[in-house]
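Enquirer: Provide a 3D model corresponding to the input given below.
(chains A, B, C, D, E and F)
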Number of protein chains: 6
Amino acid sequence: MDDKRYLQGWEKLKEVDSEQGERVIESLNDISPDFARLIIEFGFGDIYSRPGLDLKQREIATVAALTTLGNAAPQLKVHIHAALNVGCSREEIVEVIMQMAVYAGFPAAINGLFAAKEVFAQLDKTLGHSEPEQPT
Amino acid sequence: MDDKRYLQGWEKLKEVDSEQGERVIESLNDISPDFARLIIEFGFGDIYSRPGLDLKQREIATVAALTTLGNAAPQLKVHIHAALNVGCSREEIVEVIMQMAVYAGFPAAINGLFAAKEVFAQLDKTLGHSEPEQPT
Amino acid sequence: MDDKRYLQGWEKLKEVDSEQGERVIESLNDISPDFARLIIEFGFGDIYSRPGLDLKQREIATVAALTTLGNAAPQLKVHIHAALNVGCSREEIVEVIMQMAVYAGFPAAINGLFAAKEVFAQLDKTLGHSEPEQPT
Amino acid sequence: MDDKRYLQGWEKLKEVDSEQGERVIESLNDISPDFARLIIEFGFGDIYSRPGLDLKQREIATVAALTTLGNAAPQLKVHIHAALNVGCSREEIVEVIMQMAVYAGFPAAINGLFAAKEVFAQLDKTLGHSEPEQPT
Amino acid sequence: MDDKRYLQGWEKLKEVDSEQGERVIESLNDISPDFARLIIEFGFGDIYSRPGLDLKQREIATVAALTTLGNAAPQLKVHIHAALNVGCSREEIVEVIMQMAVYAGFPAAINGLFAAKEVFAQLDKTLGHSEPEQPT
Amino acid sequence: MDDKRYLQGWEKLKEVDSEQGERVIESLNDISPDFARLIIEFGFGDIYSRPGLDLKQREIATVAALTTLGNAAPQLKVHIHAALNVGCSREEIVEVIMQMAVYAGFPAAINGLFAAKEVFAQLDKTLGHSEPEQPT
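Expert: Here you go, the predicted model:
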């Protein structure tokens, strides 16, 4: 048992993005609850809880990394959502993804932009900002 | 000819890291001067010159991307140097690289830290901070 | 503004594959019209417009690259279509993808072949070549 | 013609996982029957037929590789099925995938676990083990 | 402080390969002692200490992953050494690396074999098995 | 034994680049002569011997793939040499590598150009074209 580290990780995960985080953890609970716990303990307890970078800087780095990987669309969407949650603007997120064209190529950047488009559209829908399909 | 864009790129490259930038451009001049020009025009004229992110945020994203790629050690060293140049602290750079363990695995992060170690050691040597080999 | 370069890129994109190209550009227009413009200016204005390789050679190189990346299925399909458009035969495209098994492994080649299968089937359907589902 | 090698490969493929193997071969038959043959001849005739590792060890290595690649979900599912078929337990497969977090990052491991979850659920459904949707 | 987990990790690292492990930890101590600690705590405390796979199976998976990555030569050499240390034969290691040609391509497998060649040669030299340079 | 396929592969390898090919095969002979044989049988016997693409097209695809991988510098150099050998010009090779910036990012293209620079310089030295170090 490693309760303190788990609790620290869980607090940090909630600060980053409680809604998305809980969904990921839940989705792993039947295949490997131990791995869900390790994401919280290592990812959020050991790494994101460290001083030295604020959460906005951490999410910029993560969006850059996940766009570069190019094979982690579900995680990229989670962290685009998280980036907004910790204070990044949509413009900043789009800029980070665009910049990845230089380092990881245009397909990685294009697919990253499509992920952002999806997250933004989902948010607009939830928030009721853009519903052109329901006139009058 | 696309002089305006080239000049804008060149100014931005100098702002990011004139010393390292010029070295990369020179090293490409005999194999492909056109490609050296495209790095300036596209990378620095089209992308880094955009508003929306400051240079410190851009270098955090780039260090994250190059650590994640794992096969671009020369470029990672150039951008660790550039990150320091635009105002990142050594601690911030080390934190970004460490965080990549979560997304790209420990080997990518370890090799990224070795790159940082090399850049920092080279800087210390140039600046005369650590010269244990010259006693008395 | 960089109208001349944009127009040159746009002309080249239309030569490569006007139908697919316009679709990609459109799909980016709401999330990042600037990035759509950069694809035209850099990808098609700066690179594909260069002499030194004909468009058939360029598409062979691109199909090889996208099959190797293995995480860019939408772009691979666009360029399989473009390769046909600039004069590659289906056999040549299949050979390029098969050859990637040597360099990028069998999964990359298999997934590349599935992408080709989809593009060819779509074309056959559009052209009315294979409609076994509409007998009599 | 290379009948002996083909037959040896085919026998080995059937030993590893006849059901999944035949499905992959069939799915390639219209786009490239030659490539389907090469998978059997090279993959199973030349490599898996070699002494030096038993099939369980070979599937552990393959599940590790495909989880690491991160862009080969269909092949990963085939080999999770094959790993079970040659004697790996579900627990062993989950452990191999979890371990990949260390080398390829958490997104690769998470997506690998989701692939395992899907394969296990499909098997349970086929075998009638878990049908909570059909009460009474 | 997380002493118990650190100690468990350290014990496991020593079991896997004390000589190589200590060298890696030391090499990180000046650039990031915290990261050296995390390798022990997460990699060896959280992952390698788990039941479900024996160390020989774990090293087969790791050699497969590092060969597949293709950009982690130092870590691959460490784990080829570790694989021998926990009971893999040279033949088994060579077989795992060869098999990666199927999934990650021939360059990854060739470069993996060169890494094995280097580790084996170094061991032979240390053990005095092959010293053709000392005749008589 | 599979003598016919081996001989066909060997003949094709000599046609592609006998000098470089033999060196690669030799370098593998002590660590895994079986793998050296498989490169000849599969790579050159099964793949490069196929009709459908000429050797110049095959080398364009291979240089594109190896530049994209970014972690296979020794193999990229071998195939830049081979590309010249089967009739590609230096300009064509440089164009293929430059184009990879679009798909795999600038670091991959830059490192590919450095590989080309090395191969061209080595050839010039061997051929006595550029010997500025021997004045008078």
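
Enquirer: Put the alpha carbons of stretch A:81-97 into CSV.
Expert: Extracted as CSV, the C-alpha positions of stretch A:81-97 are listed here (Å, rounded to 0.1, in the frame of the first residue of the first chain):
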residue,chain,number,x,y,z
HIS,A,81,-9.2,19.0,-22.6
ALA,A,82,-6.8,19.2,-19.6
ALA,A,83,-4.8,22.0,-21.2
LEU,A,84,-8.0,24.1,-21.5
ASN,A,85,-8.8,23.1,-17.9
VAL,A,86,-5.5,24.4,-16.5
GLY,A,87,-5.7,27.7,-18.4
CYS,A,88,-4.4,27.3,-21.9
SER,A,89,-6.4,29.1,-24.5
ARG,A,90,-7.7,27.3,-27.7
GLU,A,91,-5.3,29.5,-29.7
GLU,A,92,-2.3,28.3,-27.6
ILE,A,93,-3.2,24.7,-28.1
VAL,A,94,-3.6,25.1,-31.8
GLU,A,95,-0.2,26.9,-32.0
VAL,A,96,1.5,24.0,-30.1
ILE,A,97,0.0,21.5,-32.5
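
Enquirer: now it, how far from the centre of its chain.
Expert: Centre-to-centre, stretch A:81-97 and its host chain are 10 Å apart (Cα atoms, centre = their mean, to the nearest Å).

Enquirer: can you tell me if that stretch touches chain C.
Expert: Yes - with Cβ under 8 Å from any Cβ of the partner chain as the criterion, chain C is reached by stretch A:81-97 at A:V94. Any C-beta I mention is one placed from the backbone N, CA and C, and that applies to glycine too.

Enquirer: dump the residue contacts of the closest residue to chain E within chain A.
Expert: For chain A and chain E, the shortest gap (Cβ to the nearest Cβ) falls at A:F42, measuring 5.0 Å. A:F42 sits next to A:9, B:102, E:38, E:42, E:46 when contact means Cβ atoms under 8 Å, 6 or more residues apart in numbering or on different chains.

Enquirer: Go again with 10 Å.
Expert: Neighbouring residues of A:F42 by Cβ atoms under 10 Å, 6 or more residues apart in numbering or on different chains: A:5, A:9, A:48, B:101-102, D:101-102, D:106, E:38, E:41-43, E:46-47.

Enquirer: could I get those residues as TSV with secondary structure?
Expert: TSV is the format used below for the contacts of A:F42 (DSSP: H, G, I helix; E, B strand; the rest coil):
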residue	secondary structure
A:R5	helix
A:G9	helix
A:Y48	helix
B:A101	helix
B:V102	helix
D:A101	helix
D:V102	helix
D:F106	helix
E:L38	helix
E:E41	helix
E:F42	helix
E:G43	helix
E:D46	helix
E:I47	helix
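
Enquirer: from those, which would you call buried?
Expert: Buried members of the contacts of A:F42, scored by 16 or more other Cβ atoms under 10 Å in any protein chain shown, are A:5, A:9, A:48, B:101-102, D:101-102, D:106, E:38, E:41-43, E:46-47.

Enquirer: need the contact list for the residue most central in space within chain A.
Expert: Centroid-nearest residue in chain A: A:H79, 1.0 Å away (criterion: Cα atoms, centre = their mean). A:H79 is in contact with A:16-17, A:20, A:58-67, A:72, A:85, A:93, A:115, A:119, B:103, D:107, counting by Cβ under 10 Å, 6+ apart.

Enquirer: switch the cut-off to 8 Å
Expert: Contact partners of A:H79, counting by Cβ under 8 Å, 6+ apart, are A:59, A:62-63, A:66.

Enquirer: So for A:D2, what pLDDT did the model give?
Expert: pLDDT recorded at A:D2 is 64.

Enquirer: Widest-spaced pair of the contacts of A:F42?
Expert: Using Cβ to Cβ, those span at most 19.2 Å, a distance reached by A:Y48 and E:I47.

Enquirer: who in chain A is up against chain D?
Expert: Proximity of chain A to chain D is confined to A:24, A:27-28, A:30-32, A:34-35, A:38-39, A:43, A:66, A:69-72, A:74-75 under the rule Cβ under 8 Å from any Cβ.

Enquirer: Please repeat the previous calculation with a cut-off of 7 Å.
Expert: Counting by Cβ under 7 Å from any Cβ of the partner chain, chain A comes close to chain D at A:28, A:30-32, A:35, A:39, A:43, A:66, A:69, A:71-72, A:75.

Enquirer: and of those, the nearest to A:G128?
Expert: A:Q75 (27.2 Å).

Enquirer: for the host helix or strand of A:K12, packing partners?
Expert: If you go by DSSP states H and E, A:K12 is part of helix A:3-28. With contacts defined as 3 or more Cβ pairs under 7 Å, 6 or more residues apart in numbering or on different chains; DSSP states H and E, the packing partners of helix A:3-28 are helix A:33-38, helix A:73-85.

Enquirer: tell me the most buried of those?
Expert: Using mean count of other Cβ atoms under 10 Å in any protein chain shown, the stretch among the helices and strands packed on helix A:3-28 with the largest mean neighbour count is helix A:73-85, at a mean of 23.

Enquirer: Just list the residues touching A:V94, thanks.
Expert: A:113, A:116, C:31-32 (Cβ atoms under 7 Å, 6 or more residues apart in numbering or on different chains).

Enquirer: Farthest pair within those residues?
Expert: The widest separation within the contacts of A:V94 (Cβ to Cβ) is 8.4 Å, between A:A116 and C:S32.

Enquirer: So the two - more neighbours on which side?
Expert: A:A116 (25 against 20; other Cβ atoms under 10 Å in any protein chain shown).

Enquirer: For the residue of chain A found nearest chain D, the count of nearby residues, please.
Expert: Closest to chain D within chain A is A:A72: 3.7 Å, counting by Cβ to the nearest Cβ. Neighbourhood size, A:A72 [other Cβ under 10 Å]: 26.

Enquirer: again, but for A:E11
Expert: 15.

Enquirer: The one 5 residues further on now?
Expert: The number of residues packed around A:V16, counting by other Cβ under 10 Å, is 23.

Enquirer: what sits against it?
Expert: A:V16 is in contact with A:48, A:55, A:82, A:85-86, counting by Cβ under 7 Å, 6+ apart.

Enquirer: what do you get for A:V119?
Expert: Contacts of A:V119 (Cβ under 7 Å, 6+ apart): A:77, A:80-81.

Enquirer: and if you look at A:S49?
Expert: A:S49 sits next to A:8-9, A:12 when contact means Cβ under 7 Å, 6+ apart.

Enquirer: any idea of the mean pLDDT for stretch A:71-91?
Expert: Average pLDDT, stretch A:71-91: 98.

Enquirer: where does the residue in chain A positioned nearest to chain C sit relative to chain B, distance-wise?
Expert: Relative to chain C, the nearest point of chain A is A:P107 (3.7 Å; Cβ to the nearest Cβ). In this view, A:P107 and chain B are 14 Å apart by Cβ to the nearest Cβ, to the nearest Å.

Enquirer: Name all residues that make contact with A:A115.
Expert: A:73, A:76-77, A:80.

Enquirer: Quick check: the two most widely separated of these?
Expert: Greatest spacing in the contacts of A:A115, by Cβ to Cβ: A:A73 and A:I80 (10.4 Å).

Enquirer: can you put the contacts of A:V119 in TSV and add distance to C:K125?
Expert: Shown next, in TSV, are these (distance: Cβ to Cβ, whole Å):
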residue	distance to C:K125
A:K77	32
A:I80	35
A:H81	37
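
Enquirer: For chain A, what lies in contact range of chain E?
Expert: Taking Cβ under 7 Å from any Cβ as the contact definition, chain A meets chain E at A:2, A:5, A:38, A:42, A:46.

Enquirer: Just the closest of these to C:L127, please.
Expert: Comparing those against C:L127 with Cβ to Cβ picks out A:L38 as the nearest, at 52.2 Å.
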